[in-house]
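Q: Model the structure of this input:
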Amino acid sequence: MNIKKASQIKWAFWTLFAFTWFFSGYVIAQPLEDINLLTDTDKVIATIRLSGTVNNVRHFPAKKGALLEILLDILPDGSAYEEWIDNEVRKSPPSSLIPSFTVKTNLKKIQPKLIITFSREAAYTVSKGTDGRSIVVSIKIDQAVPGPEIELPYLPEVKPLSSRESILPSSPDIASRKSDADTNKQAYELMQFGRKNLAGFYNLTAIDTFNKLLLLPHNDYTQDAQEWVGVARERAGQLDKAKLEYELYLKLYKRGAGAERVKNRLSKLGTKPSQPSVLLERPRARSQEKQTQAFGSLSMNYYNGASKVDTVSTFGNTLNQSTFSALDQSALITSVDATERFISEEFDNRIVFRDTAYSNFLPGQTSKNRLNSAYLDIKNKLSDYSARLGRQNSSGKGVLGRFDGATVGFSATPSIRINAVAGQLSDYTIGSKPVFYGASMDMGPVTFYAINQTIDDLLDRKAIGTEIHYFQPTQTAFALLDYDTSYSTINTAMFQGTLSSSSERTYNLLLDHRKSPYISTRNALYGSTTISLADLLLIMSETELRTLAAARTGSTNLVQLGVSQQISEKWQVGGDIRTSNFEGLPASGTTTVEGIIPETPSSGNEWATSFQLSGNNLYSSRDVSVFNLSYIISPTYKGQSFYVYSHGMLTEKWSMDASLQLYRQETDLGTTMSRIMPSLRSSYQMRQQLSFEVEAGIELSHSESSLESSETKRQFFSLGFRWDF
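A: Residues are numbered from 1 along each chain as shown. Sure thing, here's the model as predicted:
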């Protein structure tokens, strides 16, 4: 994109930001928060970050394809509810190493999913992210990309301390041996940090890191650092300095595999231009080069729905018939996503703006606008500090929802990072908005945090917690514990884990216990006739207010176990078993102001089992079909559902989605309900940056009890477009 066009887009969208900031409301949210790319060895790691907590159930095709579907469970997060808009599309950041791709949400109630469409077939692996809010897709680098950069080794191999045989001279002195071990540990951390920066093409940071390692007393990693400081300088375009580093290596270490590698690189230095042309395709790998990128999208979708209900009821010996028809939906949803990125060897900064406007055309209904994100993101790659200022989504660490404020962080050591956050929640629009501040410390895979939140000068929430992340190619785990010290209760205790075997079988486990909503003093307002805690304090003490809040906070429990098995190149089977319950609430309140809420009994255990058969490339090179059968049983009802869905490419630019949902339910009161809903959706890519979409469907429902029966017919359609720039 040229500079003039980027500038025009920048001023247009930041003018739009200034207008929508004052009219941002609450109701809808964009589920796709961000897509980030990081180069590592022979793959590019794409992290798809979502605006809420999810559980990655399964994906298919398993290893490669031009179309990838990731099935998700959207977990309740206990904070203010934000309805995720459906059919949101986000385009991947520019990269010359992998096929470009788009990520699209399909949030049908039967099975929410992400649909990833690559510009050409790609090989990949899929796993959960390390924060419970993201999905990681590791995409194999296209080896057809030409240029001398590919000839360079990608990353050093950093072996664990326990697996390396020390080259240090033995010493009978215990203190000396302890000093040697400390040096090795420090060198190991620096080696890991250097590897991380080479992976991100932060070459100057890598050079600085390896030089720090070389200043340490001779240790197990000195030889490797001498080799890789040369590689880092070569990548940064400092060819003369790289030559000196390689020559020094060969003087110190004349034999071995490392010496052969260094000789080979040294012999090729003379054939390289001072500014390799291939690096023009990889701005992050260019030394001292500053670049500006502007990209994003604009989409508009109109939704229309009309219902007709025919009811027959019996009262005494009289038969009554009635018909009701109405237009129940007429709305336009407009979404804007704009990013301007400033890149240099030292900084990687971004300005981000994301907004969703909901225009309701029904009589008597109001329109809404939701400013999802508007922030400045600063990252210094040399000093390793970062800051984000403005409206942003929670990144965990005790923050419960979207907020206006600031997050900052810096690396105290290669393995320890200190973070701080402060702001005001933007998810609450009725009454006062809570303000908070907190701090956290990342120690490798473990994070500890503490947070304090107030509302109207009252303590609203005070909590400590920890997040534990574990990531391996075949095993992932994420654990979260949030404990409110002021109410002396657990807010959230969650564990997500996956395990993949060599037989292409994957197991998935979710354990979740949480307060719903999160325990906080403002929960006392549920059921009251006021929106102010100050009004409640006129009739009760602060202690009584907190007791009322605790009485109006419930607890939910969820356990889910799933397994999927690839049975052939085209077919995958899977199944899940799930149980959940709501623990119930006691009666609360004695006056009209605080509200009188009767006792809410426990829901009892609800059990659900499902079986799924998935196929890909059945009738074209880009198609996916899903067959799902589910059975639900609870203390109050039983339900059965069948769902079939198919997505395919009719031509290179024209895709078609077809789905059919069948559902039947019986309650313990003798009421039966059945529903059938077929729908059809079509998308057309008119140009590379412009696409159109239309969807239509019908929902037919029948319910019957001993006294009444009804027939409902609802017709709906939507149409829209998306422009990527």
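
Q: can you give me the strands for the stretch 601-725 of the chain?
A: Taking DSSP state E, counting those that start in this stretch as the criterion, the stretch 601-725 of the chain carries its strands at 606-616, 623-633, 637-649, 654-667, 672-687, 690-704, 708-724.

Q: which strands and helices sit next to the first one?
A: To tie it back to what came earlier, the one meant is strand 606-616. strand 54-60, strand 64-74, strand 571-582, strand 623-633 (3 or more CB pairs under 8 Å, 6 or more residues apart in numbering; DSSP states H and E). C-betas here are computed from N, CA, C, even on glycine.

Q: And for Arg675, the neighbour number?
A: By the measure other CB atoms under 10 Å, the count of residues near Arg675 is 16.

Q: what separates it from Asp73, distance-wise?
A: 22 Å (CB to CB, to the nearest Å).

Q: What's the end-to-end length of stretch 51-68?
A: End-to-end distance for stretch 51-68, by CA to CA, to the nearest Å: 21 Å.

Q: Run the chain-centre distance for that stretch.
A: 12 Å (CA atoms, centre = their mean, to the nearest Å).

Q: what's the answer for stretch 453-468, then?
A: 24 Å.

Q: residue ranges of the helices in the stretch 51-200 of the chain, please?
A: For the stretch 51-200 of the chain, the helices defined by DSSP state H, counting those that start in this stretch cover 148-151, 174-199.

Q: Out of these, which gets the lowest mean score?
A: When those are compared by mean pLDDT, helix 148-151 comes last with a mean of 37.

Q: mind checking pLDDT for the residue lying farthest from the centre of the chain?
A: Distance from the C-alpha centroid of the chain, by CA atoms, centre = their mean, peaks at Asn317 (58.0 Å). Predicted confidence (pLDDT) at Asn317: the value is 70.

Q: Ok, Ser92 next?
A: 84.

Q: out of everything not next to it in sequence, what's closest to it?
A: Leaving out its chain neighbours, the residue that sits closest to Ser92 by CB to CB, 6 or more residues apart in numbering is Phe101, at 4.8 Å.

Q: can you tell me how far Gly396 sits from Ser503?
A: In this view, Gly396 and Ser503 are 34 Å apart by CB to CB.

Q: no, scratch that, I was asking about Val312
A: Distance from Val312 to Ser503, by CB to CB: 56 Å.

Q: Repeat that for Asn317.
A: For Asn317 relative to Ser503 (CB to CB), the value is 66 Å.

Q: Over to Pro678?
A: 37 Å.

Q: If you count surrounding residues, which of those two has more?
A: Remark: of Pro678 and Ser503, Pro678 carries more neighbours, 15 against 7, as counted by other CB under 10 Å.

Q: Now do the contacts for the more buried one.
A: 658-661, 697-698 (CB atoms under 8 Å, 6 or more residues apart in numbering).

Q: What subset of these is buried?
A: Using 16 or more other CB atoms under 10 Å as the burial test, those include 658-659, 661, 697 as buried.

Q: Give the full set of residues in contact with Leu525.
A: Leu525 touches 431, 531, 533, 536, counting by CB under 8 Å, 6+ apart.

Q: Let's see that with 10 Å instead.
A: By CB atoms under 10 Å, 6 or more residues apart in numbering, Leu525 lies in contact with 430-431, 455, 531-533, 535-536, 545, 548-549, 552, 594-595.

Q: For the buried ones among those residues, write the corresponding ChimeraX selection.
A: Restricted to buried positions by 16+ other CB under 10 Å, the ChimeraX selection for these reads:
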select :431,455,533,536,545,548,549,552,594,595
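
Q: Could you find the lowest-pLDDT member of the contacts of Leu525?
A: The minimum pLDDT among those falls on Ile430, with 68.

Q: so where is the stretch 201-350 of the chain shaky, pLDDT-wise?
A: Residues of the stretch 201-350 of the chain that meet the criterion pLDDT under 70 lie in 201, 270-289, 315-316.

Q: could you pull out the strands for it?
A: 291-315, 318-343, 348-360.

Q: Tabulate the ones you listed (TSV), appending distance to Tyr619 and mean neighbour count.
A: Output for these, formatted as TSV (distance: least, CB to CB, whole Å; neighbours: other CB atoms under 10 Å):
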stretch	distance to Tyr619	mean neighbour count
strand 291-315	28	16
strand 318-343	32	16
strand 348-360	36	20
